[in-house]
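Colleague: Just the structure for this:
(2 chains)
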Protein chains: 2
Amino acid sequence: MGEFELIRHYFAAAPCAQGGVGVALGIGDDCALLDLPAGEQLAISTDTLVAGVHFPAVCDPLLLGQRALAVAVSDLAAMGATAIGFTLALTLPQVGAQWLAGFADGLGRMAARCAISLIGGDTTRGPLSITVTVFGRVPTGQALRRSGAQPGDLLCVGGFLGNAAGALPLVLGEREAAADVAGPLLEHYWSPVPQLQLGERLRGLATAALDISDGLLADCGHIAKASGVALQVNLAQVPVSAPLQAFLGREAALHAALTGGDDYVLAFTVPESALTTLAREVHVIGRVLEGQGVTLRDPQGQDITPVQRGYQHFRETP
Amino acid sequence: MGEFELIRHYFAAAPCAQGGVGVALGIGDDCALLDLPAGEQLAISTDTLVAGVHFPAVCDPLLLGQRALAVAVSDLAAMGATAIGFTLALTLPQVGAQWLAGFADGLGRMAARCAISLIGGDTTRGPLSITVTVFGRVPTGQALRRSGAQPGDLLCVGGFLGNAAGALPLVLGEREAAADVAGPLLEHYWSPVPQLQLGERLRGLATAALDISDGLLADCGHIAKASGVALQVNLAQVPVSAPLQAFLGREAALHAALTGGDDYVLAFTVPESALTTLAREVHVIGRVLEGQGVTLRDPQGQDITPVQRGYQHFRETP
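Modeller: The predicted structure follows:
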């Protein structure tokens, strides 16, 4: 048995690979098989993380395993889907038992957290790269698209923004911070929690949704474009965590919240009437207007233009 | 818009990305959505091809696109599934318009041939690598597993074996051959035809099936192990193409057919009674016996042991 065949057996034996609701057949045959309840659709998303591009080439494999899965599952949350399973395409330069054990541990922890099963994959030799494809189910017609935002809707996010971007200098070892500041930021970067429950709650309520991966303003641009509307973000309402503010100061923390990527927090639009049924952790940060693009309004009610503040993504190119 | 964002738009505009039967939502949102008819299961498989490992770093992108998709779709055929869609995770060192056009062309040709739609993916920067995840549907309980072979069943394959392994010295530029020899071999290597129709016909007939990717004897070992039986392969019945025999001679051609990988031809077991309903292109090459492992019988009815012939994969380690 070759070493890569051994890895397959290793993953097949992992706790997260022992099946789950909807998994009719897991690892070990030519295909995995999923069952889908009548009246539901299957949601699918793929994400690749490349060493040296999406994560430091040298990093804790446990954290990497957690993050690789979380990033992909976040797309299921953004669609309002319930997680079922995932495949793992893992390309490795060499086989290190300790690295594999750590990676599988991280993957397994995040899988348990998201109630998602490893159902198949491929392990190959080459430069370190991880492609995770996730599968979820959502009642037919109730998936949260990007295209339904209506003028008058409120713009909301599901949590603090900018933590992952703020953590980047810590991840790269360029800066240091006290444990009470570094801890929460690094936790958010390495172990983002896909907002699956929030996504499910938003079915039938949200008119548009996505998860923030490119940065708030860039991703709001995607909703604006897909929905044919304008989004107005109120700077004073953008939620920034205390650790991020302590680390960067208010101004830079807001900049990270507006333009930093990798937050994996949901952004969505809802009619004002729906807001009462949503839990308190939801933050209203703006409003849907007629028009196009994304505008940012300062606490004095003035629109801030991109050039004055040096932000790059305030307005989508028409 | 960044260059990788441009690539996404490029693929989204491809003819094979314009949806198809079962595709409720394609490229452009956080997830793709598939519909699955009642009484069917979803079949899923992932394959990664890495430059310099699974294909020459310098090669025709059209051929690469064809092959990357075919290799993955072949797993659907092996399961008896009907193709629906696929995701493409493409990692590229740089963006070359000509390379992309060729790759997309090859991908599109194979997609049309297999009636499968591009439904999503991810494009990232890094060392060239392609992960294709395929989705198919199969009536619940009728998927072709590896585990149902019964003593007394016949062992069959769906076509000539060894062509891809025989083509390898041509692919690598180590040898040359006349066009009538090189052509068919290279065609088989670069553009294997997933045996989707055969797989569908085998539903309810085959007791076990897979596609030959590791080589006939190694893959028969997988059926033997999963089914708890022995497989006997009759050397005289192993089908070898005329071009392969002309290129390598009978002895080396048989060796390629037995141990060479990348054929993507189906191998399966059926009760003798089912054989009459199968088309003529199916080749009976052996039989299922009580026991374990794979044995090879020469034309004189003698079992050939691995050591005597230098083959590595004749018998699975128990």
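Colleague: residue ranges with poor pLDDT in chain A?
Modeller: Along chain A, the model assigns pLDDT under 70 to residues A:1, A:279, A:305-318.
Colleague: Outline the domain layout of it.
Modeller: A:3-139, A:154-309 (automatic domain parsing).
Colleague: Those residues of the stretch 201-318 of chain A touching chain B, which are they?
Modeller: Contacts of the stretch 201-318 of chain A with chain B, taken as Cβ under 8 Å from any Cβ of the partner chain, map to A:Ala209, A:Leu210, A:Asp211, A:Ala226, A:Thr317. No exception for glycine: its C-beta is placed from N, CA and C like everyone else's.
Colleague: pretty sure A:Ala24 contacts A:Leu33?
Modeller: Yes - counting by Cβ atoms under 8 Å, A:Leu33 is a contact partner of A:Ala24 at 4.1 Å.
Colleague: shared neighbours, the two?
Modeller: By the contact definition Cβ atoms under 8 Å, 6 or more residues apart in numbering or on different chains, A:Ala24 and A:Leu33 are jointly contacted by B:Gln41.
Colleague: what about these two, which has more around it?
Modeller: Using other Cβ atoms under 10 Å in any protein chain shown, the more surrounded residue of A:Ala24 and A:Leu33 is A:Leu33, with 24 against 17.
Colleague: Adding distance to B:Pro243, write the residues of the stretch 201-318 of chain A next to chain B out as JSON lines.
Modeller: Shown next, in JSON lines, are these (distance: Cβ to Cβ, whole Å):
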{"residue": "A:Ala209", "distance to B:Pro243": "55"}
{"residue": "A:Leu210", "distance to B:Pro243": "52"}
{"residue": "A:Asp211", "distance to B:Pro243": "52"}
{"residue": "A:Ala226", "distance to B:Pro243": "52"}
{"residue": "A:Thr317", "distance to B:Pro243": "54"}
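Colleague: Could you give me the ChimeraX syntax to select whichever of these are buried?
Modeller: The ChimeraX selection below is limited to those of those classed as buried (16 or more other Cβ atoms under 10 Å in any protein chain shown):
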select /A:209,210,211,226
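Colleague: ok, of the residues of the stretch 201-318 of chain A next to chain B, which one's closest to chain B?
Modeller: Using Cβ to the nearest Cβ, A:Leu210 is the member of these that lies nearest chain B, at 5.5 Å.
Colleague: Confirm that closest one sits in a strand?
Modeller: Yes - under DSSP: H, G, I helix; E, B strand; the rest coil, A:Leu210 sits within a strand.
Colleague: Identify the residues contacting it.
Modeller: So A:Leu210 contacts A:Ala78, A:Arg146, A:Asp219, A:His222, A:Ile223, A:Leu266, A:Ala267, A:Phe268, B:Asp29, B:Asp30 (Cβ under 8 Å, 6+ apart).
Colleague: how close does it sit to B:Pro127?
Modeller: Between A:Leu210 and B:Pro127 the computed distance is 29 Å (Cβ to Cβ, to the nearest Å).
Colleague: Check A:Ala274 too.
Modeller: 46 Å.
Colleague: In terms of neighbours, single out the busier of these two.
Modeller: B:Pro127 (20 against 17).
Colleague: On the three-state scheme, the more buried one is what?
Modeller: Using three-state DSSP, the structure places B:Pro127 in coil.
Colleague: Next up, the contacts around it.
Modeller: Counting by Cβ under 8 Å, 6+ apart, B:Pro127 has contacts A:Val50, A:Gly126, A:Pro127, A:Ser129, B:Val50, B:Ala51, B:Thr91, B:Pro93.
Colleague: Give the full set of residues in contact with A:Glu176.
Modeller: Going by Cβ under 8 Å, 6+ apart, A:Glu176 touches A:Leu170, A:Ala182.
Colleague: mind redoing it with 10 Å?
Modeller: Contacts for A:Glu176 (Cβ atoms under 10 Å, 6 or more residues apart in numbering or on different chains) come out as A:Pro169, A:Leu170, A:Ala182.
Colleague: And A:Thr207, by the same measure?
Modeller: With contact set as Cβ under 10 Å, 6+ apart, A:Thr207 has these partners: A:144-150, A:152-154, A:223, A:227, A:229, A:268-271, A:274, A:288.
Colleague: Out of those residues, which sit inside helices?
Modeller: A:Ile223, A:Ser227 (DSSP state H).
Colleague: still on that earlier bit, just the domains of chain A: most buried one?
Modeller: A comparison of the domains of chain A by mean neighbour count, using mean count of other Cβ atoms under 10 Å in any protein chain shown, puts domain A:3-139 on top with a mean of 21.
Colleague: what's the closest of the domains of chain A to B:Val294?
Modeller: Closest to B:Val294 of the domains of chain A, according to Cβ to Cβ: domain A:3-139, at 16.2 Å.
Colleague: And that closest one, end to end?
Modeller: Start-to-end span of domain A:3-139 (Cα to Cα, to the nearest Å) is 42 Å.
Colleague: So what's the gap between it and the chain middle?
Modeller: 15 Å (Cα atoms, centre = their mean, to the nearest Å).
Colleague: ok, now which ones touch the residue in the stretch 51-200 of chain A that chain B sits nearest to?
Modeller: Ranked by Cβ to the nearest Cβ, the top residue of the stretch 51-200 of chain A for proximity to chain B is A:Gly126, at 3.5 Å. Residues near A:Gly126 by Cβ under 10 Å, 6+ apart: A:90-93, B:48-54, B:91, B:127-129.
Colleague: Please enumerate the helices of the stretch 201-318 of chain A.
Modeller: Taking DSSP state H, counting those that start in this stretch to define them, one finds helices in the stretch 201-318 of chain A at A:216-227, A:242-248, A:250-259, A:306-309.
Colleague: Serialize those to CSV and add fields for distance to B:Thr82.
Modeller: Shown next, in CSV, are the helices of the stretch 201-318 of chain A (distance: least, Cβ to Cβ, whole Å):
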stretch, distance to B:Thr82
helix A:216-227, 31
helix A:242-248, 50
helix A:250-259, 45
helix A:306-309, 49
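Colleague: isn't A:Gln98 right next to A:Asp60, touching?
Modeller: No - with contact defined as Cβ atoms under 10 Å, A:Gln98 does not count as touching A:Asp60 (11.2 Å).
Colleague: mind checking which of the domains of chain A is nearest B:Gln300?
Modeller: Minimum separation from B:Gln300 across those (Cβ to Cβ) falls at domain A:3-139, 33.7 Å.
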